[in-house]
Every structure is written in structure tokens, then in C-alpha cells.
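Undergrad: Give me a 3D structure for the following:
(2 chains)
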Amino acid sequence: MTATIEPQTGAIGRPIKRKEDARLLTGKTNWVDNIQLPGTLYVHYVRSSVAHARIVRVDTTAAKAADGVVAVYTGADFPEQAGSTCVWPVTDDIKMSHYPAICTDKVLYAGDVVAVVVATDKYLAADAGDLVDVDLEPLPAVVDMEEALKDGAPLVHEGFGTNHCYTATMPCGDYAAAKAKADVVVKRRFINQRLIPNTMEPRAVVAAPSVGMADEIAVWTSTQIPHVLRVVLALLTGVPENNIRVIAPDVGGGFGVKLQIYREEVLGLLLAKKLGRPVKWVETRSEHMVASHHGRDQIQDIEIAATSDGTILGVDVKLLADMGAYLQIITPGTPLLGMFMYSGIYKMEALNFECTGVYTNKTPTDAYRGAGRPEATFAIERIVDELAAELGMEPMELRKKNWIKHEEFPYTQIAGLTYDTGNYEAATARAMELFGYDELRAEQKARRESGDKVQLGLGISTFTEMCGLAPSRTLGALKYAAGGWEHCTIRALPTGKIELITGTSPHGQGHETAWSQIASDIIGVPVEDIEVVHGDTGRAPLGMDTYGSRSLAVGGQAIKVAGERLVEKAKLIAAHQLEVSPDDIEFKEGVYSVKGDPEKHKTLGEISWAAFAAHNVPDGVEPTLSGEATVDPQDFSYPHGTHLAAMEVDTETGKVTLRKYVAVDDCGVQVNPLIVEGQVHGGLAQGIAQALYEGALYDADGNLLTGSMGDYLLPSAADLPSFITDRTVTPSTTHPLGTKGIGEAGAIASTPAIINGIVDALRPLGVNDVFMPASPQNVWRAIQAAQGGAA
Amino acid sequence: MTHIDVTVDGITRHGDVEPRRLLVHWLREDLGLVGTTVGCDTSNCGACTVLVDGRSVKSCNMLAVQADGHEITTIQGLADGDEWHPVQKAFKECHGLQCGYCTPGMVMASVDLLSENPDPTEEEIRNGLEGNLCRCTGYHNIVKAVATAAAEMKGASA
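TA: Predicted structure coming up:
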């Protein structure tokens, strides 16, 4: 069912300008790098310049003698200390690496840490870092995944005797039987290249003994996961959890790269404890390129089987997923987050999935915007286009023939997920209208016939994704260590102001505004009277943090329930004071009045003071007024949409121009359409950038060739167009707010739309794939290869 | 150490700095003006953009000693008291920021762009902001904000 958008009377649904902006636009911000505590020492990490080597000697003599240096540490000072850990051992026989805080015997990627300098000044710390004499005996590096799996390949972790990390399989239905019935089978190999997330704020850590608290260490860090980090820091260091406070203040972007446990966080805590002084480290951008985890990096072999009338029978997927040198928080699980999504929005009788994780001498990979789902969506949306070409069908017609119809929801798809709601017909119709689909097809035909050197392609992506991580029992069944609940406490303070304490931890998403809107409608208080508290385990002790488009889908439910509990309690107190039964109390817009006698009423402010003074609360009702909820989601929810890209390709030079991009998304109920729109734009930019611009490149020795912003092409305003966007609204039925996620949708949907458009433009030349990023060079090579020329 | 006198956000500041000290570090760490951010180490991202004598400069790409005798405006000195600059207002109005980390530089670069070209086309805005990277917004609403500010400033001066 697709609801028409009703005019909103409450706060939910209004495009309210963000509360956050006042501080962000005037420089009154609180980034970790702004924290300047008295007596701070500065930390500088000495990193390996080579990908794979035995550590012969690390001589710190000169560095220790340098101006301003307080201490220099090597692996010998922190033996056995882990710097990160993996909480998702995806199979029983997975080979789990030990990620040292500081390397002791070997370095396993360029950027691995061999020493730590602590000095009184940032510049002096860096100067002394240059004086650390590191003697490395280089070993052959293993860079390519297929080479890594061959006998005799150099070993990343010698103890495992192999670079094979794990193989996970998920056979759904009988693919062999499906294939046997097929008239057409299309097979392709797609390379989903390695990306470097590049939040605009680099990571940063300040750790300090808390003032006035004998044993507590506070860790300010630019993270998405303060709560998870606190638990893991305790587990890794032995510092008692109740002596660790983690604070994520203003965080400048996340995109998954700050969903991590990093050695700089572990060592920050340990150094502050050891030295008894504040320590500070701020990542440089070039450091980010090697020291913060990367995303994607899969080789995808995908096969699709169909009948001649275009009915899809099944899909077979074999992945090689590059783990990099170590497993971090969910490194092996990241490709598996896409496991269930390789059937996309299509009905089929079989889906065969296999993923092999491989160790290489490269920076570890982990979640990056979409985490597994962009890769899955890319593969299925690309192969469906290839199938259409093979069958001679119009690609949108093939999709329409196979997708789940709106009247078939809820629909249990081949991988066992139950898609709650969706209306692919409505989103597609709207997208095609905005795009001018038929007109562009006509133009394409004309250009083909005239032999125009600039050809036009129509790129389609009709996608869905799973968001709202996640029912805790589901996570348990998948061997993930933790749960997927979320917490909210809403406190009515004695003076009538509201404090909304959330376990989500935003980094640009506007939770302070959107959460206020939800609470405003439920407890009847103006948006501006609600203060949202987040990202500090001292003030917001319970939470599962922000990733996987979960904050609204899961955290939003907690806000709703907490608000309702507060209202229920307030009713009891109001009834008692007004000397009526709670059933006789009517609650509307923050006022609790006696039914039929509205003159007799109490405001929330009066009730919260009464609850605070507690002179006259009913028997059995505890003093103070708040509502708390910890909510475990019933199920995932499934946003979807149709994205269309008009791509112009110069067949002589390979230059690609994105002429028009239409995105019609359906994320259910929108709490704040302004924020939703912004999330779509940002996702599009990152997905389009994967298709056209970005890619981490290594040489054969494991050196990162794209190690600075000068070499790794992040798009600027000049590299992207304005987008045409709209939404259909099909509320989620898995929870009462009806919302779905939107943070990752743009990044998931757009990459295949762009590449499908480029391939569609070049199809008459015999091109059926283009490597990403589709730079002029890669496009030109694809054209030359198809034409049988020297590529 | 070299002595410098610099007017920053309308106040004359004096400092003794190492010749190698970057202007942005002097602003952030010596003056405590942490509104200006640092996003890279290769002069690519533009987060640290400030105005030097009214023109946008990446403050990571200039030494503090080079600022001696000049006038600097940072994001913290852009508003007139509580009255925001039209560019600041337009960024909020158009949701031209998300995480906000690139915002100080993006706003200052936009102010300079509009001082040079009060009525830019979309293409001119996009090309004019090429030296400032944003990872959250996809630039769509930033471009919209700059166009909105241009219209607002034109209206105000008409």
C-alpha cells in the first residue's frame, strides 16, 4: 500500500530546519581536535612504509633524546596487546587474526604501526617520529586475492598456513535444477573496487584521566560507536568498563569508517592511564588513507538463469572478498550483509551464495556506506541488464516482469527475508515520468542511427535494501557477538524542559532535530524545548550506536515507547492531583485535563515539578518523571526505489558525462523530509563516485598508490550535477512509526545505475562491461577491447 | 621565533611563532579559534579556508608568518554580532550542511565567490567551489544555498 502524503499537523513530517546548524555554521563546534586539556601530550604513530616485512630492529634512542619527547614505545612495551578485534566470526572455522596494538615481529600492511612517540608538542612529536630508526626486512607481499589463494603464495599470517580466511555459503532453493530449466544463462565477473571512505573529519582521539574521578579515563574519539567501543576497550585492555567513559562529541562524518575499534583508541586509553596525563592524536589525511579501514573490494562472479520469455529462475553468486591484513570489528561479516540481497527485488526459485574471505597485505576492509548491500545491488542490477541484452528485452520491461508486485507484500523472498512493504510500480512510474524515459530512449535511438560519436545510455537501478539492524536473535543466529536493540530515556526535568537521551550516535544525520520531532508529537512539547543528549557513555549510558541505517528504524521506536511511558506516568500523577481516575484524564499537546471539564488540567511542567518534589504522588508511583525504553526490533525494514541515469559517452575519448539523474526513493514515513533529501543527495554522490571517480590502487609490492587527496579522486561540486529526487511513501509495517532507513539508499542504488547507463550507451559497440571507476581510460579500453583493438 | 601582528576577526593579535608554523595551527591552537577545521594535508579539501584581506585562502597552505600585517576573517568572525551573514543563513535554509566539518571552509569560499561574482550561474558556483570538498551533501544543497545567498544579497543591495 502506498499512502498519499497527508498534510502534517504535528512535528513529524515537517521539513524543520536543523537545530545542529546554529553551532556548525558559526564555528562553535566540538570536534575532538578542538579539545585542548591542560598538560596534554601529543601522540605520533610511526608506521611501516612497506606492506610486508619482518621487524629486525626498532631503535628509539635518538627519538627519546629529542626535544620535547616524553616517551617512545614499541611493540615490546605492549606485548600481546590487541589494537582491534573482530566481533563477528562468521563461520566455525574462520581464521581469526590477532591485530597487535603495536607490531612486534612483522608488519602486514603499509601503514601498520611499529612505534609510538609521545611529546609535549604536535610538531615535536612528528619530528621525533622521523628519528625512530626502523629496520625492516621486506618480505614478498600478497596483494591480489586470487594470487593469495594459490599454493606457494606468500602468507600474510604464517600461523594459518594459508591466506584463506573463511568460506561462507548460503544455498537457497535448488540452483542446479533452476539452471537446468533455463533457456538463457548469463555469467559475468564484476570487480567491486576498493574504496577509501574519507570522512571530511579525520579520526582523532583524546584520552585523559577524568578530573575528580580517581580511576576513570575519558576517551573522546571521532566514532560512530561510543557504547560498543566502551565495552570492547574494557575487553581488550582489562581496564574495568566502569572506569571508561567514551565520548563522541561532534563527529564529522562516519560512512562506516568510524564504526570500528582502532588501535589509536586502545593505545590512547592505555597511554593516558600509563602517563597519568591527557594524550591527543589527530589523524592526518594521508594517514587516513592507510590507517582507517577501507570499503568494498570484492570480485563478484555472478550467473543468472532465465527462460526465454524473461522469467528469472535463479542466481548463483561466488564472491572473493578482500579482508586486508587483519580482521577488524566486522571485516568478515561485511560482504555477508549483502548475502540476502543478491535476489534484489525479484522473484526467483533459487539463490546460491558463496563468499570466500582472503587475507592480503593491505589495509583492512570493513563497513563503508551500505556495507555489503551496495555490492549485492550492483551485481544483481548489472546482471539483470546483461540478461535483458541477451534476451533482447527492454531492461525495465524485464524488471517489471520479475519484481514483486505491490499486492504481494509482505513477501518472503528466496533468501528467507520477509519484505514488509513496497511499491516498485509506483516508484518506477514516478521516476520514469521525471526522467522522460521514453523521450530519452527515442534520443538514444536517433543517436545510434546517426552514428553520433557521443552515445546516450539509460542506466536503471531498481533496488531494495535491508536496514534497521537488527533483531538481536537474528544477529545471534548469524554469530554476531552483540545485539541490535536501541535505548531511549525521556526525562521531564523539574523546570519543564525535556532531556531526550538516545543510544544512537549521529555524525551528520541531524538526530537532534529529528528525534525532537518524534518526541514532540508524543509528549506534546515544542521541538525547541527538547534537548537531545547522545554520544557520551557518561550521560547516555545505554545504546547500540549508529550504522546500517538503524538509528531511526530502531532508535525511533525506542523514542516512541519511552515517550508513551512518560505520558502514562504523567497521567497517573495528574489524575491523582486532580482527584479523578486516570481513565478520566485526556492528554493532548502536553496538557492533561479532566474529560468533559478541561478547565481542570495539569501541564507537563506542573506534573514534572510535582513528580520531582514528590510531596503528593499516588501510592505505588515512584518520584520523578521519565519514560525509558529499550527496544529490540521485530524485523528489518526494506526501503526501495528506482534510480535512473542518463549517461553520455564520447566513444572516441571514453569521456563520460552524467547528464541527468533521477532518484525516487521510498523510505516509508519521513520524519523530516529536508533531512531525508540531504541523505539521498549524499548517498548518491558517494555511489556515483564509486562508479566514476574513486578507487584505491596498490602496486605489486603493496604500496598504496592513491595515498593522498591528491591521488584519490573525491568528487568536487564541479564533478557532479544537481539531482532530481522524489519520494513515494509506503510505510513500514514492522514497527509503529512506519519509517525505514535512508542513509545508505543513495549509495546502494546509484553505482549500478551509472554503470548500466554507460554500458547501455556502448552496447552497440559490443561493450558489456566497464571497470570502475569508469574513467575515460577505463571506458576507452572497454571500447577498444570490444572492437578487437589494442586495449 | 618570529613576531607577527595579525588582525583576526576584527581583533589585533600578536604572536611569536616558529617560521614553519601553519596559519591554521596558529589560529586553532595558539588563538583557540577552533571553528576553522583541518581536513587534509595536501591543500585539497579546503576545510580550513579563511579570508585574508577579503580573499579566500586555505589556511593550511599559508605560514603564520606570511599573515603578518594582514587581516583575517574566520567562520567565527563572519556574523555581525548575532546577525548571520546571508551565506550562513542560506546554508541553514537550504540544508547545505550535514556533519558540518567542511562547512567553515565552504562558507568562507562561498563568501569570496559571491564577492567576485554576485550573480553566478550553477556552473559558476560549482566551478568556484571546486577547491572545497564535502562528503555528506553531494553539493546539491550547497549549490542551492550559494544561489539563494546571491539572490538575497542582490535584493539587499538593490
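
Undergrad: Tell me the buried residues in the helix or strand of chain A with the lowest mean pLDDT?
TA: With mean pLDDT, DSSP states H and E as the measure, the helix or strand of chain A carrying the lowest mean pLDDT is helix A:472-477 (a mean of 92). Of the residues in helix A:472-477, those buried by neighbour count under the rule 16 or more other Cβ atoms under 10 Å in any protein chain shown are A:Thr474, A:Leu475. Using the backbone N, CA and C atoms, a C-beta is placed for each residue, glycine as well.

Undergrad: Let me see the domain layout of chain B.
TA: The record, using automatic domain parsing to delimit domains, assigns chain B the ranges B:2-77, B:86-157.

Undergrad: and these, which is most packed in?
TA: The highest mean neighbour count among the domains of chain B belongs to domain B:86-157 (a mean of 22), with neighbours defined as mean count of other Cβ atoms under 10 Å in any protein chain shown.

Undergrad: any idea how far A:Gly710 is from the residue in the stretch 551-700 of chain A positioned nearest to chain B?
TA: When distances are taken as Cβ to the nearest Cβ, the stretch 551-700 of chain A reaches nearest to chain B at A:Ala685, 3.3 Å away. The span separating A:Ala685 from A:Gly710 equals 20 Å under the rule Cβ to Cβ, to the nearest Å.

Undergrad: A:Thr29 too?
TA: When Cβ to Cβ is the yardstick, A:Thr29 and A:Gly710 sit 27 Å from each other.

Undergrad: cool, A:Cys467 as well?
TA: To A:Gly710, A:Cys467 is 35 Å away according to Cβ to Cβ.

Undergrad: out of the two, which sits in the busier spot?
TA: Between A:Cys467 and A:Gly710, A:Cys467 has the larger neighbour count (other Cβ atoms under 10 Å in any protein chain shown), namely 29 against 14.

Undergrad: beta partners for that one?
TA: Using DSSP bridges, the bridge partners assigned to A:Cys467 are A:Ser637.

Undergrad: isn't it right next to A:Gly548, touching?
TA: Yes - the pair A:Cys467 and A:Gly548 qualifies as a contact (Cβ atoms under 8 Å) at a distance of 6.2 Å.

Undergrad: So for these two, which residues contact both of them?
TA: A:Gly741, A:Glu744 (Cβ atoms under 8 Å, 6 or more residues apart in numbering or on different chains).

Undergrad: Name the nearest residue to the residue in chain B that chain A sits nearest to, sequence neighbours excluded.
TA: For chain B and chain A, the shortest gap (Cβ to the nearest Cβ) falls at B:Gly35, measuring 1.9 Å. Once its chain neighbours are removed from consideration, B:Gly35 has its nearest residue in A:Gly27; the separation is 1.9 Å (Cβ to Cβ, 6 or more residues apart in numbering or on different chains).

Undergrad: Burial check on that neighbour, number of neighbours?
TA: By other Cβ under 10 Å, 23 other residues sit near A:Gly27.

Undergrad: Then A:Asn423?
TA: Look at A:Asn423: counted by other Cβ under 10 Å, it has 21 neighbours.

Undergrad: contact partners of the least confident helix or strand of chain A?
TA: For helix A:472-477, the external contacting residues (Cβ under 8 Å, 6+ apart) are A:Leu469, A:Ala482, A:Gly483, A:Gly484, A:Trp485, A:Asp632.

Undergrad: I'd like to know how far the second one sits from chain B.
TA: So the one you mean is A:Ala482. For A:Ala482, the distance to chain B under the criterion Cβ to the nearest Cβ, to the nearest Å works out to 25 Å.

Undergrad: Just confirm that residue is within a helix.
TA: No - when DSSP: H, G, I helix; E, B strand; the rest coil is applied, A:Ala482 is found to be coil, with no helix at that position.

Undergrad: And stretch A:670-683, how far out from the chain middle?
TA: Its chain's C-alpha centre and that of stretch A:670-683 lie 15 Å apart, by Cα atoms, centre = their mean, to the nearest Å.

Undergrad: Show me what counts as buried in that stretch.
TA: By 16+ other Cβ under 10 Å, the buried positions in stretch A:670-683 come out as A:670-672, A:674-683.

Undergrad: OK, contacts around the residue nearest to the spatial centre of chain B?
TA: The structure's chain B has its C-alpha centroid closest to B:Met108; by Cα atoms, centre = their mean the separation is 2.5 Å. Remark: with contacts taken as Cβ under 8 Å, 6+ apart, B:Met108 is in contact with B:Thr49, B:Val50, B:Leu51, B:Ser56, B:Thr73, B:Thr74, B:Ile75, B:Leu78.

Undergrad: 6 Å instead?
TA: When contacts are counted by Cβ atoms under 6 Å, 6 or more residues apart in numbering or on different chains, B:Met108 touches B:Thr49, B:Val50, B:Leu51, B:Ser56.

Undergrad: pretty sure the first one is touching B:Gly105, no?
TA: Yes - contact criterion Cβ atoms under 6 Å: B:Thr49 and B:Gly105 qualify, at 3.6 Å.

Undergrad: Show me what the closest residue to A:Tyr262 other than its chain neighbours is bridged to.
TA: The spatially closest residue to A:Tyr262, leaving aside those adjacent along the chain, is A:Ser84, at 6.3 Å (Cβ to Cβ, 6+ apart). According to DSSP bridges, the residues that bridge with A:Ser84 are A:Tyr99.

Undergrad: what residues go with each domain of chain A?
TA: By the record's domain assignment, chain A is partitioned as A:21-26+A:485-631, A:32-139+A:202-251+A:258-291, A:369-469+A:635-786 (automatic domain parsing).

Undergrad: Reformat those into CSV and put mean pLDDT next to each item.
TA: Formatted as CSV, those follow (pLDDT from 0 to 100):
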stretch, mean pLDDT
domain A:21-26+A:485-631, 96
domain A:32-139+A:202-251+A:258-291, 97
domain A:369-469+A:635-786, 97
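
Undergrad: Mind checking what secondary structure the closest residue to A:Lys122 other than its chain neighbours has?
TA: Distance criterion Cβ to Cβ, 6+ apart; nearest residue to A:Lys122, sequence neighbours excluded, is A:Tyr42 at 4.4 Å. Classification of A:Tyr42 using three-state DSSP returns strand.

Undergrad: can you pull the contacts of A:Tyr42?
TA: Contacts of A:Tyr42 (Cβ under 6 Å, 6+ apart): A:Ala119, A:Lys122, A:Ala125, A:Lys280.

Undergrad: Which residues does the last one form beta bridges with?
TA: Looking back up the chat, that one is A:Lys280. Assessed by DSSP bridges, A:Lys280 has beta-bridge partners A:Tyr42, A:Val206.

Undergrad: Great, nothing more from me.
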